[in-house]
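Student: sequence below, structure please.
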Amino acid sequence: MKVKSDQGKTFKRWAMLLLLLPLLSACSRGGSGDQKLAEAIDPPPMEIEQVMLQDTVETTISEGNDVVTVYLLDRNDFLAPMSLRLDTEHSSSLTSAEKAIAWMTVNEQLADQLPAGFTAILPKGTAVSSINENLSDETISVDFAAPFSGIIASHERKVIEALVWTLTELPGINKVKLSVAGKPIQSLPSSGLPIDKTLTRGLGINLEMTKDIQLNRAMGVTLYFSSQSEDGEGYFVPVTRLINRQANPAKAALEQLIIGPKKGALKAVLTTDMTIEKVSQMADTINVSLQDSDWMPKSPVPSEMMEAIVLTLTEATGAPQVQVMMNGNDSLVDSDQRTYDRPVTRPAYVNTLSR
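Tutor: Predicted coordinates:
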């Protein structure tokens with residue numbers, strides 16, 4: 001997005017938002033676990049279902065350490081996760097974090113290996129001095145050799161978002177510390193917006209703000225909508241939407257998933273004819289009971305609807321898996337012929353497009 005003439009007012013609002021990171025902690029993997037929900041959702045149009053890639057992790061990616069998930073800019077200026085394999089002869093000598101940052105950095109040799117329409121967010125020449133992981137504290141610290149150069153103002157926050165969300169994809173990492181030449185990054189260069197010393201997914205991603213939201217009473221929920229690549233392949237885009245603070249982040253997330261995306265580049269994954277009979281959490285599982293008068297037993301349910309529910313609820317609550325029932329039936333089969341008679345675990349990797 002480009003900065004408009006009211007840039008000053010916009011930056012002040014962003015500054016307030018960055019100071020409200022604790023209010024957005026529902027977006028992180030360690031969010032609230034008290035889930036007693038009842039609202040409405042429904043499946044998306046069939047044309048969206050036909051382009052979603054729902055079985056990518058199990059069938060197209062091995063469990064090798066050379067696969068990393070990085071957040072890249074798509075052609076609509078959204079950050080989206082892409083699971084990539086680093087196809088270079090020296091990749092085996094790199095750690096997962098080093099591989100991820102390599103993919104995120106503009107590089108002519110790697111550019112041809114990215115999915116069509118996606119670009120790296122870190123400027124060319126970005127160099128890392130050190131990367132330290134403290135798994136006991138779930139923290140990764142990355143020290144860059146020099147300040148990022150040549151980043152347009154509207155992408156400065158996206159750089160931070162992409163780094164935080166990419167690095168927290170690494171196993172056991174939930175917190176990120178960023179520094180330059182040994183000094184913590186305290187603010188964004190162009191706007192002066194403050195940056196916390198320790199960052200989590202509570203920072204949000206692809207942030208949406210609405211005029212009627214009071215930031216001091218706001219919370220963020222991260223929703224998974226769909227989009228299409230230049231080649232017509234489907235992929236998920238996470239969007240953190242600021243809404244009025246609510247006691248139950250999972251319920252709030254589902255409500256916003258029903259409302260759908262606010263920008264035309266993204267596609268709805270749910271419609272409003274379905275209702276939620278019950279959503280509750282037991283141990284590490286979110287149980288969802290849906291009602292849809294149009295759904296016939298043994299009929300397939302849209303795969304992207306099911307996956308969007310799993311991604312959104314696990315992001316909101318921190319629970320690793322979701323059990324879905326439809327009209328009291330737990331023997332569901334989706335349009336990709338996957339069964340849902342048991343709890344579904346959040347996928348280790350999201351989005352693997354052709355490249």
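
Student: now do Gln214 against Thr69, distance only.
Tutor: 34 Å (CB to CB, to the nearest Å). The C-beta positions use only the backbone N, C-alpha and C, and glycine is treated the same way.

Student: give me the more crowded residue out of these two.
Tutor: Thr69 (23 against 10; other CB atoms under 10 Å).

Student: tell me the contacts of that one?
Tutor: Contacts here follow CB atoms under 8 Å, 6 or more residues apart in numbering; on that basis Thr69 touches Pro81, Met82, Ser83, Leu84, Ala100, Thr166, Glu169, Tyr349, Val350.

Student: does it have beta-bridge partners, and which?
Tutor: Note on Thr69: beta-bridge partners by DSSP bridges are Ser83.

Student: tally of neighbours for Ile151?
Tutor: Counted with other CB under 10 Å, Ile151 comes out at 18.

Student: just want the most central residue of this structure.
Tutor: Taking CA atoms, centre = their mean, the centroid of the chain lies closest to Pro238, which sits 3.9 Å from it.

Student: part of a helix, is that residue?
Tutor: No: Pro238 sits outside any helix when classified using DSSP: H, G, I helix; E, B strand; the rest coil, being strand.

Student: ok, it to Arg245 distance?
Tutor: Counting by CB to CB, the gap from Pro238 to Arg245 is 20 Å.

Student: kindly report the same for Asp137.
Tutor: Asp137 is 28 Å from Arg245, by CB to CB.

Student: what does Asp196 give?
Tutor: From Asp196 to Arg245 the distance is 19 Å (CB to CB).

Student: of these two, who's got more company?
Tutor: Asp196 (19 against 16).

Student: so where's the stretch 251-355 of the chain shaky on pLDDT?
Tutor: By pLDDT under 70, the weakly predicted segments of the stretch 251-355 of the chain are 355.

Student: just the helices in it please.
Tutor: 303-317 (DSSP state H, counting those that start in this stretch).

Student: contacting residues for the closest residue in space to Phe225 that isn't next to it in sequence?
Tutor: Nearest residue to Phe225 in three dimensions, chain neighbours excluded: Leu266, at 4.1 Å (CB to CB, 6 or more residues apart in numbering). Taking CB under 8 Å, 6+ apart, we find Leu266 in contact with Asn76, Phe78, Phe225, Ser226, Ser227, Val237, Val239.

Student: if we go to 10 Å?
Tutor: Leu266 is in contact with 76, 78, 206, 223-228, 236-237, 239, 260, counting by CB atoms under 10 Å, 6 or more residues apart in numbering.

Student: wait, which of the residues you listed is closest to Pro300?
Tutor: Ser226 (17.4 Å; CB to CB).

Student: what is the neighbour count of Ile131?
Tutor: The burial count for Ile131: 16, using other CB under 10 Å.

Student: could you measure from it over to Ile258?
Tutor: From Ile131 to Ile258 the distance is 40 Å (CB to CB).

Student: for Ser280, same thing?
Tutor: Distance from Ser280 to Ile258, by CB to CB: 18 Å.

Student: one more: Leu270?
Tutor: Taking CB to CB, one finds Leu270 at 6 Å from Ile258.

Student: who has more neighbours out of these two?
Tutor: A count of neighbours by other CB under 10 Å puts Leu270 above the other of Leu270 and Ile258, at 24 against 20.

Student: ok, which stretches of the stretch 201-350 of the chain are strands?
Tutor: 218-228, 234-244, 275-282, 285-291, 321-326, 344-345 (DSSP state E, counting those that start in this stretch).

Student: the last one pairs with which strands?
Tutor: Looking back up the chat, that one is strand 344-345. strand 321-326 (antiparallel).

Student: what residues does the strand it pairs with touch?
Tutor: 274, 277-279, 281-292, 295, 297, 299, 301, 305-307, 309-314, 330-332, 334, 340-346.

Student: would you write a ChimeraX line that selects the buried entries of these?
Tutor: Buried subset of those, written as a ChimeraX selection, criterion 16 or more other CB atoms under 10 Å:
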select :274,277,279,281,285,286,287,288,289,290,291,292,295,301,305,306,307,309,310,311,312,313,314,332,334,340,343,344,346
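
Student: just the helices in the stretch 101-250 of the chain please.
Tutor: 108-111, 153-167, 249-259.
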